[in-house]
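# Structure for this input, please:
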Amino acid sequence: MKIEAEKLAVKNIEKKKYRSDRIRDHLANERTYLAWMRSGIALMGFGVLIVRLRIIRPPLAPQPPGSGWKLGLAFALVGVLTVLLSTQHYFAVRRDIDEDTYQPPDRWILLASIAVLILGGGVLYYVFTVPLDYLNSYILE
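The predicted structure follows:
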């Protein structure tokens, strides 16, 4: 009788591992992780782009680099932070799916929204504080 109970327990564990709904949940978790990774890479790319555009200036009119590099650095740091937090979140959700204890966290959505709002505000401030005559003096090499 005890051996049959053990066999039944093993069968239940095996069935639990290969259920299609659990597989779908893990695949959805992986797609979400990859989307966050793309977002982090895009933020880092925007940071590099902002810094590089600020460096381009005419050779006869040297100008100080200003504070554009700070905005580019902020984008890059938020991108790196996004990659780190998304990796941690992926493994936490993976564990929660396996344990059937997953609850969607609101804090990550709020954190990401606040970060994008701050960066967007920085871009708007940067765009509207650069003098227009300075923008017309760029020569692409």
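# make it CA atoms for all contacts and neighbour counts henceforth
Noted.
# Next, work out how far apart the closest residue in space to G40 that isn't next to it in sequence and F46 are.
Among residues not flanking G40 along the chain, G79 sits closest, at 4.0 Å (CA to CA, 6 or more residues apart in numbering). Using CA to CA, to the nearest Å, G79 is found at 9 Å from F46.
# Compare these two (neighbour count), which wins?
Neighbour count, other CA atoms under 10 Å: between G79 and F46, G79 has more, with 24 against 19.
# Low-confidence ranges, the protein, go.
In the predicted model, the chain carries pLDDT under 70 at residues 1-18, 54-67, 130-141.
# for it, longest helix please?
helix 20-55 (DSSP state H).
# Could you check that helix and say which residues are buried?
Residues of helix 20-55 classed as buried: 26, 29-30, 33-34, 36-37, 40-41, 43-48, 50-51, 54-55 (neighbour count, 16 or more other CA atoms under 10 Å).
# helices or strands next to the helix or strand following it in the packing?
As assigned by DSSP states H and E, the chain's next helix or strand after helix 20-55 is helix 68-99. Contact here means 3 or more CA pairs under 8 Å, 6 or more residues apart in numbering; DSSP states H and E; on that basis helix 68-99 packs against helix 20-55, helix 106-129.
# Kindly state which of those helices is positioned closest to Y90.
Across these, Y90 has its closest neighbour in helix 20-55 (6.0 Å, CA to CA).
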